[in-house]
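Q: Here is my input, please return the structure:
(one chain, ligands or ions: 1)
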Amino acid sequence: MEFERIERIFDSYVIGNYSRLPVAFVRAEGSCIWDSEGNRYIDLMPGWGATLLGHCHPKVVAAIQRQAAELLHVDNSFYIPLQGEVARQISQHSFGGKCFFCNSGAEAVEAAIKLARLYHQESGRYKIITMRDSFHGRTMAAITATGQDKYHKGYLPLMPGFNYVPFNDLEAVKQAADAETCAVMLEPIQGEGGLNVATDEFMTGLRRFCDESGLLLIADEVQSGMCRTGYWFGYQAYGIEPDIMTLAKALGSGAPIGAMVARPEVAARLTPGTHASTFGGNPLVCSAALATFRAIEDENLLQAGRQTSDYIFGRFREMAARLSIIKELRGRGLMCGLELNRDGTAIFERCLDHKVRINCTHGSVLRLLPALNVPRDLLDTGLAVLEEALQKAEDGEI
Ligand SMILES: Cc1ncc(COP(=O)(O)O)c(C=O)c1O
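A: Next up, the predicted model:
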């Protein structure tokens, strides 16, 4: 179908709550994606971080095809064998917790917030401390948890019980906590907030403070989880463990699955009737998640991702040495960012014009969330296009 026709139907029938770029992607493989006109793009931001194994990974596709023909959906009134297997994988790769399954990151965050309140219900503690510049999703509780005013606009009054503190400021957390606080929630690396990495002192100090004060520590790993940051989960870089963790995005390699993982003692509070999801953890999405775990292990993708990260940050350092437009390198693993001394929109748009997809977040941070297995030649082409766009911006040509 021609793009104009796609656009016409879309604009007539789909609500315009996204600012969509004038491209319709129709097919993809690995780190390449093709539009409706047959153009090939190099995708260094596949699926907004969800497609961490590259598009249509053959093992994930095969698992979904097999499962779709066998048992697409059954509800949580019954045991779902694959759900148990995925939970086991998550638990064994993280901190031995138990899982609740849902369909998105916001729902995982929602479940974490509910569980934190439930856990502390006898003592009446209900407040949660979150970070400025955080992002936790778009449901009412998740936008309230999100420490960015722009996401709150038009939705007041927000949910009661959230306090925001500057990221990496332990003293501010201590000041904000009171007798009614039940939890602290943060992303180990803030994604939408501009790829800000939590410091070692902050994370270890936070763990200690939560232990001393009886607070739950919630790690939102929706973006940083599943080997994205050079560790299975972002918190593992700090030698600490959270009490609750949220996952989505890369967990299903593009199939919509989210999970909230909690220490068994905390998880025990989520008894029948307290929370639920019709589709959560159904056989179809769990087949994709299980195939994701298997592909990462079988193809040694954690290691591959680390090497790719070293390579990208090496190239970023070279660019930063040459281009004064680059203020700072941001991120960790394959959450790769360049903070610019100006708005990055023109650069990101020029890359797209040259058939390379990256992203610009927080105004001035160019972001790449490439696949763990992005081929080196495609990466080189993509980075060359990015470097040229940065040069043009530096020269005032865009
Ligand atoms: C850290 C974090 N939490 C939660 C979410 C919300 O996830 P979803 O869009 O799947 O609801 C996101 C999405 O970008 C995220 O980055």
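
Q: The stretch 1-150 of the chain: helices as residue ranges?
A: With helices called from DSSP state H, counting those that start in this stretch, the stretch 1-150 of the chain shows them at 3-13, 58-70, 81-93, 105-119, 140-145.

Q: Give the buried residues for the shortest one.
A: Which is helix 140-145. Neighbour counts over helix 140-145 (16 or more other Cβ atoms under 10 Å) mark 141-145 as buried. (Glycine included, C-beta is placed from N, CA and C.)

Q: Nearest to Val285 among those residues?
A: Compare each of those with Val285 using Cβ to Cβ and the shortest gap goes to Ala142, at 19.9 Å.

Q: confidence score at whichever residue of the chain sits closest to the ligand?
A: When you check the chain against the ligand by Cβ to the nearest ligand atom, the closest residue turns out to be Gly105, at 2.2 Å. Gly105 carries a pLDDT score of 98 in this model.

Q: With Tyr18 instead?
A: Tyr18 is given a pLDDT of 96.

Q: same question, Gly54
A: Value for Gly54, per-residue pLDDT: 98.

Q: picking that back up, out of the helices of the stretch 1-150 of the chain, the one nearest Leu302 is which?
A: In this view, those are compared for proximity to Leu302 by Cβ to Cβ, and helix 81-93 is the closest at 9.9 Å.

Q: hang on, Ala219 in a strand?
A: Yes: under DSSP: H, G, I helix; E, B strand; the rest coil, Ala219 sits within a strand.

Q: for it, what are its contacts?
A: When the contact criterion is Cβ atoms under 8 Å, 6 or more residues apart in numbering, the partners of Ala219 are 185-188, 233-235, 242, 244-246.

Q: Widest-spaced pair of these?
A: Maximum pairwise distance among the contacts of Ala219 (Cβ to Cβ): 14.9 Å, between Met185 and Phe233.

Q: Tell me which other helices or strands the helix ranked longest in the chain touches.
A: Across the chain, the longest stretch assigned as helix under DSSP state H is helix 301-322. When contacts are defined as 3 or more Cβ pairs under 8 Å, 6 or more residues apart in numbering; DSSP states H and E, helix 301-322 sits against strand 326-332, strand 335-340, helix 376-394.

Q: hmm, 10 Å instead?
A: Using 3 or more Cβ pairs under 10 Å, 6 or more residues apart in numbering; DSSP states H and E as the contact test, the elements touching helix 301-322 are helix 283-298, strand 326-332, strand 335-340, strand 365-368, helix 376-394.

Q: Restricting the selection to alpha carbons, write the second one to PDB.
A: What follows is strand 326-332 as a C-alpha-only set of coordinates in PDB (Å, rounded to 0.1, in the frame of the first residue of the first chain):
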ATOM      1  CA  ILE A 326      28.900  16.800  21.900                       C
ATOM      2  CA  LYS A 327      28.800  17.800  25.600                       C
ATOM      3  CA  GLU A 328      28.900  14.400  27.300                       C
ATOM      4  CA  LEU A 329      28.600  10.600  26.700                       C
ATOM      5  CA  ARG A 330      25.700   9.100  28.500                       C
ATOM      6  CA  GLY A 331      24.400   5.600  29.400                       C
ATOM      7  CA  ARG A 332      25.900   2.200  29.800                       C
END
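
Q: mind checking the end-to-end distance for stretch 228-242?
A: As for stretch 228-242, its first-to-last residue distance stands at 18 Å under the measure Cα to Cα, to the nearest Å.

Q: Would you mark the buried spots in that stretch?
A: When burial is assessed from 16+ other Cβ under 10 Å, stretch 228-242 yields the following buried residues: 228-238, 240-242.

Q: Bridging across strands, which residues link to Cys336?
A: The bridge-partner assignment for Cys336, based on DSSP bridges, gives Gly331, Leu368.

Q: okay, now it: neighbour count?
A: Using other Cβ atoms under 10 Å, the number of residues around Cys336 comes to 23.

Q: Could you pull up the residues touching it?
A: Contacts for Cys336 were tallied using Cβ atoms under 10 Å, 6 or more residues apart in numbering; they are 44, 195, 308-309, 312-313, 315-316, 329-330, 358, 366-370.

Q: what's the answer for Val374, then?
A: The neighbours of Val374, taking Cβ under 10 Å, 6+ apart as the test, are 30-31, 42-44, 46, 54, 304-305, 308, 311-312, 334, 368, 382.

Q: of all the residues in the stretch 51-200 of the chain, which ones are close to the ligand?
A: For the stretch 51-200 of the chain, the residues in contact with the ligand under the definition Cβ under 6 Å from any ligand atom are 104-106, 109, 135-137, 187, 191-192.

Q: Mind checking which of these land in strands?
A: Where those are compared with strands, as defined by DSSP state E, there is no overlap at all.

Q: Throw together a PyMOL command that grabs the buried residues out of those residues.
A: Listed next is the PyMOL selection for buried residues among these, using 16+ other Cβ under 10 Å:
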select buried, resi 104+105+106+109+135+136+137+187+191+192
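
Q: Same list (the helices and strands packed on helix 301-322) but as JSON lines, adding distance to Tyr119 and mean pLDDT.
A: Compiled in JSON lines, the helices and strands packed on helix 301-322 are given as follows (distance: least, Cβ to Cβ, whole Å; pLDDT from 0 to 100):
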{"stretch": "helix 283-298", "distance to Tyr119": "26", "mean pLDDT": "98"}
{"stretch": "strand 326-332", "distance to Tyr119": "30", "mean pLDDT": "98"}
{"stretch": "strand 335-340", "distance to Tyr119": "30", "mean pLDDT": "98"}
{"stretch": "strand 365-368", "distance to Tyr119": "34", "mean pLDDT": "98"}
{"stretch": "helix 376-394", "distance to Tyr119": "44", "mean pLDDT": "98"}
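
Q: rewinding a little: restricted to buried residues, select the contacts of Val374 in ChimeraX.
A: Below is the selection syntax for ChimeraX that covers the buried ones among the contacts of Val374, with 16+ other Cβ under 10 Å defining burial:
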select :30,31,42,43,44,46,54,304,305,308,312,334,368,382
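
Q: for the contacts of Val374, which one is nearest Val165?
A: Leu334 (27.7 Å).
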